[in-house]
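Asker: show me how the following folds:
(2 chains)
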Amino acid sequence: MRIHALVAIGASLLMLSGASFVHAVKPEDNQATREKGKQIYEHACLLCHGVDGRGDGPAGWFLSRYEGPRPRDFRGGSYKFRSTPSGELPIDQDLFRTVTQGISGHMPPYSGLSEEERWQVIAYIKSFNQGFKGPVSIALLLPNPPGPPSAAGIDNGRTVYIKYGCQNCHGDNGYGDGKEALDGNLKDTYGHTISPGDLTERASFKGGSSAQAIYRGIMTGLDGTPMPSYADTIGGNDKDVWDLVYYILSLSQERQ
Amino acid sequence: MTGYHRISAQALGRILVVVMFFVVAGLADWSPLLAAPQSSSESTGPVIVGRILYRGPVPAPTQLAVNRDTDVCGVTISTASLSVDAGTHGLRNAVVHVDLAAGEVSARIVFQSPAVVRNKDCRFQPHVAAAQMGDEVQIFNDDPVMHNTNIIVENSTALNVAMVAGGNPIKKRLKKLGLHLVKCNVHKFMQAYRVVFDDPYFDQTTETGQFSISGVSPGTHRISVWHEILGVVEKEVQVPARGTVVVDLEYK
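Answerer: Take a look at the predicted model:
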């Protein structure tokens, strides 16, 4: 089982590490671009994110009025999926990735839009938040995996998982059934109860299930949720981080 | 005539460079670099002092059950969010701020102590503090258990960092204005507040409710007071060009 998991994770890494987003047609962020983005937004995003980007669209209000996660409030709300430090706005590539991939279980991928159209809608979304007019946030260094996982590394990843308290929310075996989750203590910044990711189920990885995406989520945290950033805690100890990533990937691999 | 030495062109050039250095140094205003670090309370000008009062009922501290790490946190946590001095009725941990006059530009702080958030005994210490935007916030975990420090401003994450036992302190800059709610998601009873302003005209009341704010320009200013339980009270005050003005505010 362990060998099978290692081979499968390695194959996944080969496929996923090559998945990059090319931005060959990023238009200039000007009024004309935002106007085109507005037209796309009104057809593709408004239903959940609302007319003014407050995350209060009719579908969003209906779906998440009383529990999280609610649609993103583009005016001042936190962005979960970033490559930037906790509390910072995302960089453009983060927004492009989210629009393209969607959010598993919550938001559809918009890869059907052309790249230019995705950039246009991103330009419009950014116009809701004055913070995007300030200095661009600096992305954390997010390296590629150092190599294929090893059994010893995954064992160490389990140790890291416990050491850094992942089980408090995600549960001892990663099912999202940690004590804090079972006690209903996990709230988003709006006070809505939310559930931690089920690490045994790839579809539960809202920021993506590639090794890089998991690494990114650990280091940046998911703003707006209880998931903290570990960049200042284990940053610099890359081996532990990658061992933890491989351990997390092994949990879903063993379930498949 | 050996009493004189000829000065070479090279030596003359060196002398000129040295002379020019002192001329330029004399013209330059070095005061910002040479001045001693100064906090708002040390600056000259009028001083606003006073006391924040509360004469209402003071409920007994709430005892919250601890749901984990009881060997470190204890079985219950006592929360006393309303601390009033019996003799003076002074209210502790209120944050007092003097608004700038219309059109006034905030003075720049030369030096400000870092804002500290200390995870200790499963509490955030201090419970309440005020700071200026741009100040460094230093977060410590003194407990042998893991915490996270999740700082929320207006439903938005300002900072959420994992604080493992024995880990290094984390240092960040305060980048958002307003009321900062500090929470630990591992220990839900842990909660604290930071209030961040974009000027240095603030203070936090002492155990007897006293505050002191200096450096404010003369004129009409509004004083606003925030307390986590009692909310906000405000009052207008005339600030003279010099001297001390005494202002007491009371929560009714």
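Asker: show me what the helix or strand containing B:Val225 is packed against.
Answerer: Using DSSP states H and E, B:Val225 maps to strand B:219-227. Packing contacts for strand B:219-227, counted by 3 or more CB pairs under 8 Å, 6 or more residues apart in numbering or on different chains; DSSP states H and E, involve strand B:47-54, strand B:95-98, strand B:231-239, strand B:244-251. (Each C-beta comes from the backbone N, C-alpha and C, glycine too.)
Asker: tell me the angle that strand makes with strand B:244-251.
Answerer: 40 degrees (axes from the mean of the first three to the mean of the last three CA atoms, to 10 degrees).
Asker: can you list the strands that strand B:219-227 pairs with?
Answerer: strand B:95-98 (antiparallel), strand B:231-239 (antiparallel) (DSSP bridges).
Asker: the bottom helix or strand of the chain by mean pLDDT?
Answerer: Let's take chain A. One helix or strand of chain A scores below all others by mean pLDDT, DSSP states H and E: helix A:2-17, with a mean of 49.
Asker: if you could check chain B rather than the one you did, that'd help
Answerer: Across helices and strands of chain B (mean pLDDT, DSSP H and E), lowest is helix B:31-34: a mean of 34.
Asker: would you mind finding the most buried of the strands paired with strand B:219-227?
Answerer: Neighbour counts (mean count of other CB atoms under 10 Å in any protein chain shown) averaged over each of the strands paired with strand B:219-227 peak at strand B:95-98, with a mean of 24.
Asker: run through the stretch 51-200 of chain A and note the low-pLDDT ranges.
Answerer: Judged by pLDDT under 70, the stretch 51-200 of chain A has its weakly predicted residues at A:61-68.
Asker: picking up where we left off before, I'd like the strands paired with strand B:219-227 as a markdown table, with mean pLDDT and distance to B:Arg123 appended.
Answerer: Shown next, in a markdown table, are the strands paired with strand B:219-227 (pLDDT from 0 to 100; distance: least, CB to CB, whole Å):
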| stretch | mean pLDDT | distance to B:Arg123 |
| --- | --- | --- |
| strand B:95-98 | 97 | 19 |
| strand B:231-239 | 95 | 23 |
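Asker: now the ones you listed as CSV including distance to A:Pro109?
Answerer: Below are these laid out as CSV (distance: least, CB to CB, whole Å):
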stretch, distance to A:Pro109
strand B:95-98, 46
strand B:231-239, 45
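Asker: between the ones you listed, which gets nearest to A:Lys38?
Answerer: strand B:231-239 (38.0 Å; CB to CB).
Asker: what angle do the closest one and strand B:47-54 make?
Answerer: Strand B:231-239 runs at 150 degrees relative to strand B:47-54, counting by the same axes, to 10 degrees.
Asker: about what we covered before: return the strand holding B:Val225 as CSV; C-alpha atoms alone will do.
Answerer: Extracted in CSV, the C-alpha atoms of strand B:219-227 (Å, rounded to 0.1, in the frame of the first residue of the first chain):
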residue,chain,number,x,y,z
GLY,B,219,-7.9,74.1,19.0
THR,B,220,-11.1,72.1,19.2
HIS,B,221,-10.7,68.3,19.2
ARG,B,222,-12.9,65.4,19.8
ILE,B,223,-11.9,62.8,22.3
SER,B,224,-13.2,59.3,21.7
VAL,B,225,-12.9,56.5,24.2
TRP,B,226,-13.3,52.8,23.4
HIS,B,227,-13.9,50.0,25.8
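Asker: average model confidence for that strand?
Answerer: Across strand B:219-227, pLDDT averages out at 95.
Asker: now swap in stretch B:183-201 and tell me
Answerer: Rounded mean pLDDT across stretch B:183-201 is 93.
Asker: does B:Ala165 lie in a helix or a strand, and which?
Answerer: Using DSSP H and E, B:Ala165 falls within no helix or strand.
Asker: phi and psi next, for it.
Answerer: Dihedral angles of B:Ala165 (phi, psi; degrees, to the nearest 10) stand at phi -60, psi 130.
Asker: for the closest residue in space to it that isn't next to it in sequence, the count of nearby residues, please.
Answerer: Leaving aside its sequence neighbours, B:Ala165 sits nearest to B:Pro144 (CB to CB, 6 or more residues apart in numbering or on different chains; 4.9 Å). For B:Pro144, the neighbour count with other CB atoms under 10 Å in any protein chain shown is 10.
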